[in-house]
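# from the sequence below, what's the structure:
(chains A, B and C)
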Amino acid sequence: MIRSITRRSLTKIALGFTTALLTGSAVTVAIAQEDTIKVGVLHSLSGTMAISETTLKDTMLMLIEQQNAKGGLLGKKLEAVVVDPASDWPLFAEKARELLTVNKVDVMFGCWTSVSRKSVLPVIEELNGLLFYPVQYEGEESSKNVFYTGAAPNQQAIPATDYFLEELGVQKFALLGTDYVYPRTTNNILESYLISKGIPKEDIFVNYTPFGHSDWSKIVADVKALGADGKKVGVISTINGDANIGFYKELAAAGISADDIPVVAFSVGEEELSGLDTTNLVGHLAAWNYFQSAESPANAEFIAAWKAFAGEKRVTNDPMEAHYIGFNMWVNAVTAAGTTEVDKVREAMYGQKFPNLTGGTAEMLPNHHLTKPVLIGEIKADGQFDIISATEPVPGDAWTDFLPESKVLEADWKTLGCGMYNTETKTCVQLKSNY
Amino acid sequence: MADAKMADSALPGFTHQPLWKRNPSVLVFTGLLAVFTLVITVLSEGLGLGLVSTSFVKILGMTLCLCLAAIAMDLVWGYCGILSLGHFAFFGLGGYLIGMWLMYARTEDIVIASLAGAELPPTAQEIRDAIGTQIFGVVGGSEIPLVWSFAHSLPIQLALVVLVPGLLALVFGWLAFRSRVTGVYLSILTQAMTLALSLYLFQNDSGLRGNNGLSGLQNLPGLDDVPQSVVSVWFFIASAVALGLGYWLAAFLVSGKFGNIIRAIRDDETRIRFLGYDVEGYKLVVFTLTAIIAALAGALYYPQAGIINPAEIAPIASIYLAVWVAIGGRGRLYGAVIGAAVVSLLSSWFTGGQAPSVPLGFYTIDWVDWWQVLLGFGFVAVTLFAPNGLGGLVDRLVRKGDGR
Amino acid sequence: MPRFALVLTAIMLAIAIAPRAMPGPHSALAQTADGTMAVVTEPAAPAPSAPGPLQAVLQANADAIAKPSRTTVDTVIAALLESNAPGAATFLAQWRDRGVVQRKADGLFFYGVETADGFSLTDPDTGKNTGNAAKADVTQLRPNSGVRGVLSSALVQFQLADPDIAVRESALIAIERGAEASQLEPLRASIEAESDAGLKARKTRLERLLTIQFDPSAEARIAAIESFAGDISVDVRAALNPLVATTPKAFAEVPAGTNVARALAPGGDIPLDDAYGLLVTAGLAQAAPTLAEMRAALIANRADGAVAGVPVAALGSQAARMDAYARLAAAGTVPPPVTEDAKRAALATVSIVAVYNEPDANVTAAAEATLASISRSLALNQTLDLALDALSLASIYFLAAIGLAITFGVMRVINMAHGEFIMIGAYTGYVVQQFITDYTLSILVALPLAFFIAALAGVAMERLVIRHLARRPLETLLATFGISIALQQIAKNIFGTQARPLTAPAWLDGAWVVNDVVSISTIRIAIFVLALIFLALLLFILARTRLGLEVRAVTQNPAMASSMGINPDRINMLTFGLGSGIAGIAGVAIGLFAKVTSDLGSGYIVQSFMTVVVGGVGNIWGTLAGASMIGSLQKVIEFFNPSNTLAAQTYMIIFIIIFIQFRPKGIIALKGRAAGD
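Next up, the predicted model:
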């Protein structure tokens, strides 16, 4: 009965509606400046990525609790501000803005997928925030406002490929990935790298599947058929998440063992394997910078603390170590700078050293990446990894040397003050990232 | 349905009256929207007192765009009876098309600035290559795909915002209506179209950066110096204006003879066909027009969201659009607006972790986990017990207020 | 012992001199093949106090043994065998099987058997137990699979005549994984004495494969090649394909004796630039400067803001740059550019040919002929395999969709929560496995239980929601969608977002392998059988029972059925229970071959709708036809575009949209009054 709506009653409703909105915002307006240092935690707690990211949120809470037990930082307590971007990429940008402008956090730890990071980038670059990103990624980026504590391709993909070439004698490669940016870029780099190593293009088979793919029989048959020209076949898998289960099941059903066709995965870690029947996977490989099975006192202590904090059945994994290193470096940098001001902390971050959990020392480079050792592990029946190869610490490379366009690029925020510097034309291509 | 009856009874004389007399909700709505816009602008960080944060202005601006999309959905479903599960795909397409220009133009600025210092003046090809590397380097490419042919030009890309979704809706609608696909079949078919489109965009080979989509859209080319707090207010105002215009257009359409016919099609398609009306033609017009409105809403929404990717147009998003309209109350334009605003704002409130947890002693209800359950069952309850949605409540209140 | 030393020397020579593809001194190996087992089993000479001979060699190579690499392990093996130290082969085997530990204190190597709190150590020289060591005091050597492969290869010679059949078989597997020239003679020698018929056949076959690759005599190779005509096994193709591999080469005149495969036309068979590149490599033409090189040359030759008279500011176009470069070239400062025409002209004077890597023309001809015979049978088998895959996918789609088809047919409502009933079934399977650890039994319990629970959920939904929305199909669609998101989230809250395992019993592991091309996993066969059972069951219920009769009546004309005394409410409820129950069963099946997650169902729901709509509503045969069509279509598209599975799904949906334009009522449409919905 539109005709009969009186102005009075509708106004009443609308006013109520508006007030509701405003009270919603009022919460966000007046934030008391308490005397704590605020640490933003930007990890999805719901949605598809919650499975991986919740663990990292817990890790951050544990690290902050430990730091507070040690007396806090600069004489103040640390306070965690946890938000849930719900695996929704635009929401990451929104929440990051909220953390920086409303909650006024001093630093953020967060993101998992590349697309979520790309979503957050413009916001933190605009507002000069600070983000620690803990996950292995495809590289080709160096933002002034992000420290990348996970592996760049040359710290995971390239050494793993070298291992295939040198140790396993693989001559023919199947690059299987989920269709998104990390596999795409990584495979692109690997293709270029393999060609430079003398593997002909026709010996590189590339396949992309959707997220959560379950029908693997055809692809496994294709991989098996690759052996038909007498070359040793190896699979480099950037298959993400749940899809791995079906893939390994089909591989096992086809009677392909790790000795026939080895599979090295970049996205399968302890967390993914926990609670899974791993008998099918024994002998297959994964490349990371950290494995729970690494033997060192620091690691034993970390694992014990984690199990006490989160539960006896929980496992540790590579991104957790990345947060561990990143958080401790940040703490040391803040102590060194005597302030949490982003620019000063950033200056103090360069050259920060902190012991890895696997032994050895991580160092923060001026390109905002870490030096880290690369470990290759064989999957064991208990869901842990047998470390069969460990390199010396490898410095992370923001721009890969194996793509012609990136070869000439360099990131150096300390002396050049540029994240994308063209060494050929000697110009800074851009100060802000390409999102 | 009451709405339809009302219009039927007053059919002949009405067409000559001005719109606001035929449909007084237009005036009320526009007035409220104007006041609301003004209040928020005055309170905003960018242009006013700084009481409303920039992120909240963005949320409100985006909500207004969603309301506009909901109006389109209400037109096509509430008034014309076509349950399209594809209108969010058009919404997303609009975002993609404007996003292409935003990305291209911004990157072009950056590239030209950086090449200015090069030893040789850059050739057109070099500039193009550099843009390609910048935009597609992220997804392992460097060539600029064919679909980006017009991305350098804002006018053409703006025209495409209207043309591409319009044409897609026209062709799809023509095929579907021509073969008399109706009811749930049509819903499934539109859902299939949405799925195909999102799967297509998920592929890197589609040339639209696959799963990553287009990002950094909030940075307007050439306006680097304008802070986001100001940009967000401008977009908020633009969204409000678009919503206002959309509401007027929709109200105009549903108040006249055209509105009567499409409502009649909704209520009994066969009878209208026997009366000699070109049912398929009317449906096609509504379908296409609403697709364009949705696309325009999307083109305003995504520069505020900052990123668009295929997950945005997954089939579930279109279903949500229908859910908003149903909760708001179908066949009422203000119902669609209320539904979209209430559900999307509530949703961000609940998932934002601001809603207080409910301790039950043995178990604590954490709304981050249980909001979806509440929404799902709430939705079932609305369909079962309040078929007219929240808008129906408004109607009842208003009638009580009038004492009639 | 002298004979024993001879063996080791010969092996050492074979490995050290001819490590990979080169034919080695086979004669020495052949005569020793029967005595080799002594190396493995003969007890080592006692050396209790000082480090024994083996330990001495091990210490000399300590680093390479402790941190082995595929590239260095050959030298270690050679050194070990060269030393004549007894027990060397045993050590290699133990090393491969992670049975060797190194004591941290003195760096000595021992055979270590893992005990509860450490390792029980055995001296490799004496074979005597030397006590226990704590875990922290020793390092277990864990050679990677590449090193293990090389070790297995080296051990083959000792194992081919081993009395233990398992050892002989492992030797054969090692050869199958990476054949070497040195293995040919021991393999030949061991065939005669092989007692097991199966192994003998395998050995004979392997011998022929190795002959193709390593035998010096062309006749023997050709005979072996021809013996494999029509054999589509991967290993045969793996042996033959390298023989017909070619390399493109450029010759001013093709030298006699070159084994030419075919001539290549520049611009056609081979890109123009690549062909010109061959020319340059062969020293027949001058390299053409690339665009980047030209640009660099321009930059290098700048003088006073101009390059060869052209102002730098004017070099903003490719034409101007070419012009400036041409001027530089004319002045002789830079190499001249080579135009396309010049490239063509240069190529016209030479021959570009594909040359076989294998020099013997007779061998390549035989290989080509055999491969041609294989490729015919291969194509057939590939089609067969694709058909099996399609059949499997179709049966999965059928199982997922048939429940939906029944409810949709009878009640004309779209149940968006159908996917969640599939999920409920899958989680039921998971929960049952938590209580019943025997996988076979748990599946047997899970199937009916999943049916029952999903059916119960379906009936509840029908009574509580759908019944009240009668004749409002669009609202039913949305209401069931609400239930769907609520159920998904509830599952997430209960089971977490992580995928849960649903493990198939051992007898469902593995695959039915026809040959190297055609195979299908057992679990998929089981799902296929399950689909067949339900097809038969439903056909029986609908055609032969009172319930079926009533269901068909309600499907065709509810009003008339009602007036004939059928209670449509009861029928609706039963149908809904039946449809949901089958979805539950489908859930168990899908969980077995993929994974159990809360969004498992939503991955199948759109496909299920498509299946129902494409097949035609209210007809089981229609659903079957729809599932078959969608399944095979998807596989065929995947076959044509193997690198992108996502594209296959996209094109399939587009195809379905177009298909529905032409057959809006599906493949099998109901006729008569019932068709008018």
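
# need the per-residue pLDDT for the residue in the stretch 251-400 of chain A positioned nearest to chain B.
For the stretch 251-400 of chain A, the residue closest to chain B is residue A:399, as judged by CB to the nearest CB, at 9.4 Å. C-betas here are computed from N, CA, C, even on glycine. Note on residue A:399: pLDDT of 89.

# checking it next. Helix, strand or coil?
coil (DSSP: H, G, I helix; E, B strand; the rest coil).

# quick one: it and chain C, what's the gap?
To chain C, residue A:399 is 18 Å away according to CB to the nearest CB, to the nearest Å.

# low-confidence ranges in chain B?
B:1-16, B:140, B:352-354, B:400-404 (pLDDT under 70).

# stretch B:341-361 near chain C at all?
No: counting by CB under 8 Å from any CB of the partner chain, chain C is not contacted by stretch B:341-361; separation bottoms out at 11.5 Å.

# in that stretch, what's buried?
Neighbour counts using 16 or more other CB atoms under 10 Å in any protein chain shown place B:341-353, B:355 of stretch B:341-361 among the buried residues.

# just stretch C:440-458 next, same as before
C:442-443, C:445-447, C:449-451, C:453-455, C:457-458.

# what's the average pLDDT for that stretch?
In this model, stretch C:440-458 carries a mean pLDDT of 94.

# that one near chain B anywhere?
No: residues of stretch C:440-458 are not located near chain B by CB under 8 Å from any CB, the shortest gap being 14.1 Å.

# give the burial count for the residue of the stretch 251-400 of chain A closest to chain B, as a bare number.
Neighbour count for residue A:399, taken as other CB atoms under 10 Å in any protein chain shown: 25.

# and for residue B:256?
17.

# ok, it to residue C:299 distance?
Residue B:256 sits 69 Å away from residue C:299, going by CB to CB, to the nearest Å.

# do the same with residue A:304
Distance of residue A:304 to residue C:299, given as CB to CB: 60 Å.

# hang on, the earlier thing: the buried residues of stretch B:341-361 in helices, which ones?
Among the buried residues of stretch B:341-361, DSSP state H puts B:341-351 in helices.

# go through the residues you listed and say which is closest to chain A.
Nearest member of these to chain A, counting by CB to the nearest CB, is residue B:351, at 5.1 Å.

# tell me, how many residues neighbour the residue of the stretch 551-677 of chain C found nearest chain B?
Closest to chain B within the stretch 551-677 of chain C is residue C:653: 4.0 Å, counting by CB to the nearest CB. When neighbours are counted by other CB under 10 Å, residue C:653 registers 24.

# so what's it up against?
Neighbouring residues of residue C:653 by CB atoms under 8 Å, 6 or more residues apart in numbering or on different chains: B:192-193, B:195-196, B:199, C:610.

# what's the neighbour count on the nearest residue to residue A:377 once chain neighbours are set aside?
Counting by CB to CB, 6 or more residues apart in numbering or on different chains, residue A:377 lies nearest to residue A:385, which is 2.9 Å off, once chain neighbours are set aside. A count of nearby residues for residue A:385, using other CB under 10 Å, gives 24.

# then residue C:128?
The number of residues near residue C:128, taken as other CB under 10 Å, comes to 11.

# do I have it right that it meets residue C:120?
No: at 11.7 Å, residue C:128 does not count as touching residue C:120 under the criterion of CB atoms under 8 Å.

# for the residue lying farthest from the centre of chain C, which residues are in contact?
Distance from the C-alpha centroid of chain C, by CA atoms, centre = their mean, peaks at residue C:304 (62.0 Å). The contact partners of residue C:304, taken as CB under 8 Å, 6+ apart, number zero.

# next one: residue C:394
Each residue near residue C:394 by CB under 8 Å, 6+ apart is listed here: C:627-628, C:630-632.

# so of those, which ones are in strands?
If you go by DSSP state E, these have nothing in strands.

# and which of the residues you listed is nearest chain A?
Of all those, chain A sits closest to residue C:631, with 9.6 Å by CB to the nearest CB.

# quick check: the residue of the stretch 201-350 of chain A nearest chain B.
Proximity to chain B, evaluated over the stretch 201-350 of chain A using CB to the nearest CB, is greatest for residue A:210 at 6.7 Å.

# contacting residues for that residue?
A:178-179, B:199, B:202, C:645-646, C:649.

# farthest-apart pair in the buried residues of stretch B:341-361, please.
B:341 and B:353 (20.8 Å; CB to CB).

# ok so, going back, assign a three-state SS to the residue nearest to the residue of the stretch 551-677 of chain C closest to chain B when sequence neighbours are not counted, would you?
Nearest non-adjacent residue to residue C:653, counting by CB to CB, 6+ apart: residue B:196, 4.0 Å away. On the three-state scheme (three-state DSSP), residue B:196 is labelled helix.

# wait, doesn't residue B:196 sit right on residue C:647?
No: between residue B:196 and residue C:647 there is no contact under CB under 8 Å: 10.9 Å.

# next, the residue nearest the centre of chain A: phi, psi?
When CA atoms, centre = their mean is applied to chain A, the residue found nearest the centroid is residue A:135 (1.3 Å). Main-chain torsions, residue A:135, degrees, to the nearest 10: phi -110, psi 150.

# hmm, it is touching residue A:317, no?
No: look at residue A:135 against residue A:317 with CB under 8 Å: they stay out of range, at 10.3 Å.

# how about residue 388, what does it touch?
As the question left the chain open, I've gone with chain A. Contact analysis of residue A:388 by CB under 8 Å, 6+ apart lists A:376-378, C:142-144.

# that's the wrong chain, I wanted chain C
By CB under 8 Å, 6+ apart, the contact set of residue C:388 is C:518, C:520.

# quick check: chain neighbours aside, which residue is closest to residue C:232?
Spatial nearest neighbour of residue C:232, chain neighbours left out: residue C:378 (4.9 Å); criterion: CB to CB, 6+ apart.
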